[in-house]
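Task: produce atomic coordinates for the following.
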Amino acid sequence: MKIISTMIEAHIFRETKIGIEFLSMKRANNQFYPDLWQMVTGKIKTGEKAYEAALREIKEETGLIPAQLWVAPTINSFYEPRDEYICLLPVFAAKVDSKSEITISDEHTEFKWLKSKDAKELLAWPGQREAVDIIEDYFINKKSFLHFVEIKF
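Here you go, the predicted structure:
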């Protein structure tokens, strides 16, 4: 079995008067995992760094350019039985302006800005929900001992 790292996960959030909200998007019917609610995910192109893939995928899937981007101190994973591999995904936190306009790609049919509790209810995998908790803890509760590395771009 192989272990690969060819994809990224990027949680987009915005600050509001009542806290932070996470962007959740519903996958289109013609996509793998149709109707699944998710954050930005995507493949890393050959020669591309993971954070560059995150920035590109955010732009392609939402039309947004983050004000700031961090490496979240967690890695998600999944097992692919058909090709027999485990994929490790670096996780990013991307802050956007609260008034940013979203233009979703044809990969998704709708989007919602949600408080963390509501966002987690829509996410399918435990690692994705845990990433939301880690990001919220770091940016809101300030209780986290973890250090987010900011990527300057």
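
Phi and psi next, for I4.
Main-chain torsions, I4, degrees, to the nearest 10: phi -130, psi 170.

How confident was the prediction at the residue lying closest to K59 once chain neighbours are set aside?
Nearest non-adjacent residue to K59, counting by CB to CB, 6 or more residues apart in numbering: I65, 6.2 Å away. (Glycine included, C-beta is placed from N, CA and C.) Per-residue pLDDT puts I65 at 97.

which secondary element of the chain has the worst mean pLDDT?
Every helix and strand of the chain was ranked by mean pLDDT, DSSP states H and E. The lowest is strand 149-151, at a mean of 92.

List of residues touching that strand?
With contact meaning CB atoms under 8 Å, 6 or more residues apart in numbering, strand 149-151 is reached by 51, 68-71, 92.

Check which element follows the helix or strand hosting E57 along the chain.
Using DSSP states H and E, E57 sits in helix 50-62. Moving toward the C-terminus from helix 50-62, the next helix or strand (DSSP H and E) is strand 68-80.

Now do the next helix or strand after that next one: which elements does it pack against?
Next helix or strand after strand 68-80 toward the C-terminus (DSSP H and E): strand 85-95. Here strand 85-95 touches strand 2-4, strand 7-16, helix 50-62, strand 68-80, going by 3 or more CB pairs under 8 Å, 6 or more residues apart in numbering; DSSP states H and E.
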